[in-house]
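K.L.:
What follows is a predicted protein model with its sequence.
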Amino acid sequence: MILGHERQIEYLEKVLKNGRISHAYLFHGPESVGKLSVAKSIAEKLPCPYPIILDLENTLVSKKDKRKDIPIEDIRELKRMFALAAPEGEWRIAIINEAEKLSPEAGDAFLKLLEEPGEKTLFLLVTSAPDLLGQTILSRAQPIRFSLVPDSVLSGYLVQRGVLSENQKEILHLAVGRPGAMIRMLEDKTYLDAQKKLLRSVHDILRNKDFPQAFSLAEKVASDDEERRKVIEYVVRMVRAGLLKAGAAGTAPRFRALRAIIRMAEVLDTTNVNPCLAMDTIFLEALAADPVKL
């Protein structure tokens, strides 16, 4: 099930119907909002029995170790497979999930595929960090932006699932507009409890101006992309709530703090800045925004 993204789906279905589909698209936006689900649904609408998915879990090469990137061996194998003529009437489709995880060598090799895609070939790149992809790759794929899904859409799904009304607000607050995260919380109580604990930790740090605990949490989540982004989202939400509630005298410092936090989050996603130091800075900005009144 795909929640939200009606505009993106409508556009893609239109170009499919008109036979004007591009050879490469870049689905970019926050994590767990449904980019990969939309990519799979588009692949299903074309005559392609076996669309290829590449990411850290799915590989074309035999490699049992947990991978930190998508290696060049995968792209070489993909190139070999796509060099073969597809059966008449069929398409060749490759979904590169977490495309920002392409190794530098894999990125260079993949660029050559984009430059000479061949007929009835479709590449769908899915990423939450497009700035980490090479500019030459970005220039050869049509970008489609995916945003957070409104709570009104997610709450409708929760009603269908029979979630009690008193639990809906908490789940929506934890999901932060991400259907994937919401569904995972519904299906995995351990994950739900962990998200509750994480949100409570951020709230207590800001409410109590607990600098030692802030630095401790920053160090804990620094090396975990998903947890780190969750913490930043919670911090942004709380500082923004304080900004909306602030009187005239308190607006300027909260606005400056919010802008600085968002800027540092962008730096984290696009550069090799030390993530622990960056998280320290984010917490310092939030604490300086007088979070007691959030």
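P.N.:
Structure received.
K.L.:
The helix-or-strand element of the chain with minimal mean pLDDT: which residues count as buried?
P.N.:
Least confident helix or strand of the chain, by mean pLDDT, DSSP states H and E, is helix 248-270 with a mean of 82. Within helix 248-270, the residues that count as buried by 16 or more other CB atoms under 10 Å are P253, R254, A257, L258, A260, I261, I262, M264, A265, L268, D269. The way it works is simple: take the backbone N, C-alpha and C, and place the C-beta from them, glycine included.
K.L.:
Return the member of those nearest to E10.
P.N.:
Relative to E10, the closest of the buried residues of helix 248-270 is D269; by CB to CB it sits at 28.6 Å.
K.L.:
Now that closest one: closest residue in space, sequence neighbours ignored.
P.N.:
For D269, ignoring the flanking residues on the chain, the nearest one in space by CB to CB, 6 or more residues apart in numbering is A129 at 4.9 Å.
K.L.:
thought that neighbour was touching L138?
P.N.:
No - assessed by CB atoms under 8 Å, A129 is found out of contact with L138, at 11.7 Å.
K.L.:
any idea how far the residue nearest to E98 when sequence neighbours are not counted is from R80?
P.N.:
Closest residue in space to E98, ignoring its immediate chain neighbours: D55 at 4.7 Å, by CB to CB, 6+ apart. Distance from D55 to R80, counting by CB to CB, to the nearest Å: 19 Å.
K.L.:
quick one, which of the two is more surrounded?
P.N.:
Here D55 and R80 are compared on neighbour count by other CB atoms under 10 Å; more neighbours surround D55, at 18 against 10.
K.L.:
What confidence value was assigned to the more buried one?
P.N.:
D55 is assigned a predicted lDDT (pLDDT) of 94.
K.L.:
What of T271?
P.N.:
Note for T271: predicted pLDDT of 81.
K.L.:
ok so, going back, the residue nearest to D269: what's it in contact with?
P.N.:
Residues near A129 by CB atoms under 8 Å, 6 or more residues apart in numbering: E100, D269, T270.
K.L.:
so who does the spatially most central residue of the chain touch?
P.N.:
Closest residue to the average C-alpha location of the chain: E31 at 1.8 Å, with CA atoms, centre = their mean. Counting by CB under 8 Å, 6+ apart, E31 makes contact with S128, R178, G180, E226, R229.
K.L.:
just P71 next, same as before
P.N.:
V61, K63, S103, E105, A106.
K.L.:
Whichever of the residues you listed end up buried, select them in ChimeraX.
P.N.:
To isolate the buried members of these in ChimeraX, using 16+ other CB under 10 Å:
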select :103,106
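K.L.:
Other residues contacting the host helix or strand of E105?
P.N.:
Element membership for E105 (DSSP states H and E) is helix 104-115. Residues from elsewhere that reach helix 104-115 (CB under 8 Å, 6+ apart): 23-24, 69-72, 74-76, 78-79, 82, 96, 102, 123, 133-134, 136-137, 140-141.
K.L.:
same deal with stretch 222-234?
P.N.:
Stretch 222-234 is touched from outside by 31, 176, 195, 198-199, 202-203, 217, 220-221, 261, 265, 268, 275-276, 278-279, 282, with contacts defined as CB under 8 Å, 6+ apart.
K.L.:
Among these, which ones are in helices?
P.N.:
Among these, DSSP state H puts 195, 198-199, 202-203, 217, 220-221, 261, 265, 268, 275-276, 278-279, 282 in helices.
K.L.:
Drop anything exposed from these.
P.N.:
Taking 16+ other CB under 10 Å as the criterion, what is buried in the ones in helices among the contacts of stretch 222-234 is 195, 198-199, 202, 217, 220-221, 261, 265, 268, 275-276, 278-279, 282.
K.L.:
Show the pLDDT at the nearest residue to D210 once chain neighbours are set aside.
P.N.:
Of all residues not flanking D210 in the chain, D204 sits nearest, at 6.6 Å (CB to CB, 6+ apart). We have a pLDDT of 93 for D204.
K.L.:
ok, D204 touching A214?
P.N.:
No - with contacts defined as CB under 8 Å, D204 does not count as touching A214, sitting 10.0 Å away.
K.L.:
quick one, strands of the stretch 101-250 of the chain?
P.N.:
Applying DSSP state E, counting those that start in this stretch to the stretch 101-250 of the chain gives strands spanning 121-127, 142-145.
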